[in-house]
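[1] Provided below are the primary sequence and the corresponding predicted coordinates.
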Amino acid sequence: MKIVLYVFGILILTFGISFTLQSDLGTSPFDALLVGLSNNVGLTVGSWEIIIAFLLICCNALLKKERPEVLGLVTAFITGIGIDLWLFLLHDLVTPELMLSKVLCFSIGLVTIGLGTAIYLHTNFAPIPIDRLTLIIQELTKKTLFFSRTVIYFVFLILAIIFKGPIGVGTILTVCFGGLILHFFMPYTKKVIDRLVCYDANEKDHSI
């Protein structure tokens, strides 16, 4: 059950990322950096997700003074494939032109990103390195997820500007509300996932 929820959460997350990209209002600083690197250096957005993930895994290992979480690359690999897949599928289907439709598209993406992230984090498999970094900073600073997420977003915002990523009003909204949305969904998704996992375990016990 946890594996199913893990993959499901990542698919929801990458679906949300693709919607923010298609909204043309700007996306999260991290995703803007990926797009900027893709446009200026080459490779797909998903490929840069995997490359940056490897660098973040090394950074996280240094901060925690532990061995690198190599399994994080598995999550990053699935995420990278998910981003490229959704962008391919939605490229011609989701092309908002009016401002209202762009705002709606971005809003759906932002909320979906928070929901997907909360779901897969609660499965306790290897998180995407940037999300692991969020948890590490929260642990080290004793602050909220909102604080740690905002700090990370600010750093990637600078890098996204350097590589000319899609920065816009959506980027500012992501920095301001991305952490809050994740923080909002975390307790609710935990309750649902705990119930599903408990129900699945009980079903297995009865079948035995």
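    Cool, got the structure.
[2] OK, contacts around Val74?
    Going by C-beta atoms under 8 Å, 6 or more residues apart in numbering, Val74 touches Ala126. Yep, even glycine has a C-beta here, placed from its N, CA and C like the rest.
[3] sticking with it, tell me its helix or strand.
    For Val74, the host element (DSSP states H and E) is helix 71-90.
[4] kindly report the same for Gln22.
    Under the assignment here (DSSP H and E), Gln22 is part of helix 2-23.
[5] who are the packing partners of that helix?
    If contacts are counted by 3 or more C-beta pairs under 8 Å, 6 or more residues apart in numbering; DSSP states H and E, helix 2-23 sits against helix 29-40, helix 71-90, helix 99-121, helix 169-207.
[6] list the buried residues in the helix holding Val74.
    72-73, 75-76, 78-84, 86-87, 90 (16 or more other C-beta atoms under 10 Å).
[7] how many residues are close by the residue nearest to Asp24 when sequence neighbours are not counted?
    Among residues not flanking Asp24 along the chain, Lys102 sits closest, at 6.0 Å (C-beta to C-beta, 6 or more residues apart in numbering). Neighbour count for Lys102, taken as other C-beta atoms under 10 Å: 19.
[8] quick check, Lys102 in contact with Ser23.
    Yes. Counting by C-beta atoms under 8 Å, Lys102 does reach Ser23; the two are 4.9 Å apart.
[9] shared neighbours, the two?
    Pro96.
[10] pLDDT averaged over the helix holding Val74, what's the number?
    When pLDDT is averaged along helix 71-90, the result is 87.
[11] got phi/psi on Phe125?
    Backbone geometry at Phe125, expressed as degrees, to the nearest 10, gives phi -80, psi 180.
[12] residues near the closest residue to it other than its chain neighbours, how many?
    In space, Phe125 comes closest to Tyr6 once its chain neighbours are excluded; the distance is 4.9 Å by C-beta to C-beta, 6+ apart. Neighbour count for Tyr6, taken as other C-beta under 10 Å: 21.
[13] before we move on, what about the one 10 residues further on?
    A total of 25 residues lie near Gly16 under the criterion other C-beta under 10 Å.
[14] all set, thanks.
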